[in-house]
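Asks: can't give you the sequence, but here's the structure:
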């Protein structure tokens, strides 16, 4: 029952994200737009972009993953779906985990897939495209699962988008630091695997604690 | 033999109290419901009907008192239908019923049956945003049919329904009760046939202390 | 433990807390003045930093208090989530602005100290960065309280946030230090500066004063919070009856 419920929610959320409504394209557009604005403000010098590029890419990825968080639980709370989930006897931890995982698959992975393209536009070496995609996909998991805690905490708040940013950004610090270190390592041909390991640790920690924190915040929201 | 017949679930509520904000909704509520019973919650707006249902559904904690729904130590599975329908605007009626069928671990065949039973067969391909309020209510009610659960907790199940829809819901409730299930429904307007009335207004929400208990009639 | 049971009951809390609030606050102010006097006039000037080091007497204790206040809030949040104790919510909520104030004081005094010693108002030093992030966590906590429409919802959401923050704080601190050592190109100072003061007493006196002041102000704030809830309750009752 628990697992079938979580599986059904996962599939439903994937369908919702991909069945139009601009759910996925918006963060992708924001990510690409933010990275494209960088040369306009820093200047187009290749050396400067090469030095700043990995950091810019990473902060843009973090902000793009915060952008769609506002509606993650809010829509279900408003239309009564969350009440139905909670009243069905399926633990909200499963629901939160399934929704966040589906959200990461539908939005986080596409972000990680276009990251190498933006990387090249920011004068990163072509040889490290694969590393960039790998680091971005793991880092975005940390961003999405920590962001889900913020989304659940602010689900009952109207216009809670800015509040999510304030609540979730401190939690982003570890993934912020290790992920960009991995990107700089990949750019310079230096050590990128050990920061990647630490990024993965941050992602695993987020995946482990996010469903419990989010579910307990959601229970407060429907109470 | 269905789950409902097997469970023999009983609802027992003892000295239950609930608050909203700083206000007591009801206090000292005691009642029992046995298999085959339909309990109708009455009372004006703000008397705590919805809150009582949410407490029984496990969504809200009571201020004081205790309740159990089940037989012996076994908790009985229950359906909760709130006053929000939980209908998604961008999914078709069929997609939504199929989702809930999978959610409860049931086949898609049961989804089609439930749609037909609630008179929504012709609307199966219409997205939620194209359904009227009554049709959305019917769609929410299909969840009751998807999984066989002994206890139904319904918050104004017939709101927005037309005469035909109301008959349909009354038939569902009567069938569920005669199969040995329990239905607790908050209602306005005409009463359900054969229902026992539980009047929450008797307990007076606003007074700080009054442990007279609910007046149960019927 | 006896004191815990006294404070666990809101009515008893209201009847006994007022003298404590006054005593703690006044003692706190007195101790802070005494500690600052000791630090400014009795303690010797630092061998290398001169009089600039004297700001440490207010800076270091504020850093301690910024962490102590958060630990206190996390403890209260745990009590509120596990035992649903209303007074624990009030305690965590009431402590937050003072915790944030000590954190801000720590950042400001650190910055003022940094200018003559490091030659810059802000240095992305590991400690300063993690205190800055702690400050953001405080701000998020306070903002979450303010954003919710009912105190019941706000208290549970805020308690979850506080515990999530407390669990993450060591990880954030570790990662910031790792990041700092990775990026540090030049070290502005070497060794443990605290060891060269030779005179730690003023620091402890100020810390004790901060602690007492924090306790006193938190008690005052808790009392105000409870009185506000009671007034609202009375108002709603009057509206409902009349």
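Replies: Looks like it arrived, so ask away. Note that the coordinates shown come from a computational prediction; the quantities given were computed from them, not determined experimentally.

Asks: Contacts only, for the residue lying closest to residue A:63 once chain neighbours are set aside.
Replies: Excluding the flanking residues, the one nearest residue A:63 by C-beta to C-beta, 6 or more residues apart in numbering or on different chains is residue A:34, at 6.7 Å. Heads up, the C-betas are built off the backbone N, CA and C, glycines and all. With contact set as C-beta atoms under 8 Å, 6 or more residues apart in numbering or on different chains, residue A:34 has these partners: A:56, A:60, A:63, A:64.

Asks: near chain B, which residues of chain A show up?
Replies: A:1, A:4-5, A:7-9, A:11-12, A:15-16, A:19-21, A:78-81, A:83-84, A:86-90, A:222-223 (C-beta under 8 Å from any C-beta of the partner chain).

Asks: if we can go back for a sec, got TSV for the contacts of residue A:34, with neighbour count and pLDDT too?
Replies: Below are the contacts of residue A:34 laid out as TSV (neighbours: other C-beta atoms under 10 Å in any protein chain shown; pLDDT from 0 to 100):
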residue	neighbour count	pLDDT
A:56	21	94
A:60	23	96
A:63	17	94
A:64	26	94
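
Asks: Tell me the gap between stretch A:205-223 and the middle of its chain.
Replies: Remark: stretch A:205-223 is offset 16 Å from the chain centroid, using C-alpha atoms, centre = their mean, to the nearest Å.

Asks: same thing with stretch B:166-175?
Replies: Using C-alpha atoms, centre = their mean, the offset of stretch B:166-175 from its chain centre is 13 Å.

Asks: outside of that stretch, which residues touch it?
Replies: Taking C-beta under 8 Å, 6+ apart as the criterion, the residues outside stretch B:166-175 that touch it are B:38, B:117-119, B:138, B:141, B:144-145, B:152, B:154, B:157-158, B:161, B:183, B:185, B:192-194.

Asks: quick one: residue A:146 and residue A:175 touch, right?
Replies: Yes: contact status for residue A:146 versus residue A:175: in contact at 7.4 Å, counting by C-beta atoms under 8 Å.

Asks: Give the residue from these two that has the larger number of neighbours.
Replies: residue A:146 (34 against 30; other C-beta atoms under 10 Å in any protein chain shown).

Asks: Establish whether the strand or helix carrying the more buried one and chain C are in contact.
Replies: According to DSSP states H and E, residue A:146 maps onto helix A:129-153. Yes: legend: contact between helix A:129-153 and chain C by C-beta under 8 Å from any C-beta is shown at A:149, A:153.

Asks: just checking, what packs against that helix?
Replies: helix A:46-66, helix A:71-79, helix A:92-103, helix A:109-121, helix A:161-188, helix A:193-222, helix C:151-183 (3 or more C-beta pairs under 8 Å, 6 or more residues apart in numbering or on different chains; DSSP states H and E).

Asks: what about 10 Å?
Replies: Packing partners of helix A:129-153 (3 or more C-beta pairs under 10 Å, 6 or more residues apart in numbering or on different chains; DSSP states H and E): helix A:46-66, helix A:71-79, helix A:92-103, helix A:109-121, helix A:161-188, helix A:193-222, helix C:126-147, helix C:151-183.

Asks: which residues touch residue 71?
Replies: You didn't say which chain, so I picked chain A. A:23, A:78, A:103, A:151, A:155, A:160, A:161 (C-beta atoms under 10 Å, 6 or more residues apart in numbering or on different chains).

Asks: Switch to chain C, please.
Replies: C:99, C:166, C:169.

Asks: Report the separation between the second one and chain B.
Replies: Residue C:166 sits 24 Å away from chain B, taking C-beta to the nearest C-beta, to the nearest Å as the criterion.

Asks: Over to the last one?
Replies: Applying C-beta to the nearest C-beta, one obtains 29 Å for the distance of residue C:169 from chain B.

Asks: Tell me if I'm right that that residue and residue C:136 touch.
Replies: No: when contacts are counted by C-beta atoms under 10 Å, residue C:169 is not listed as touching residue C:136 (11.7 Å).

Asks: Next, show the common contact partners of the two.
Replies: With C-beta under 10 Å, 6+ apart, residue C:169 and residue C:136 have common neighbours residue A:170.
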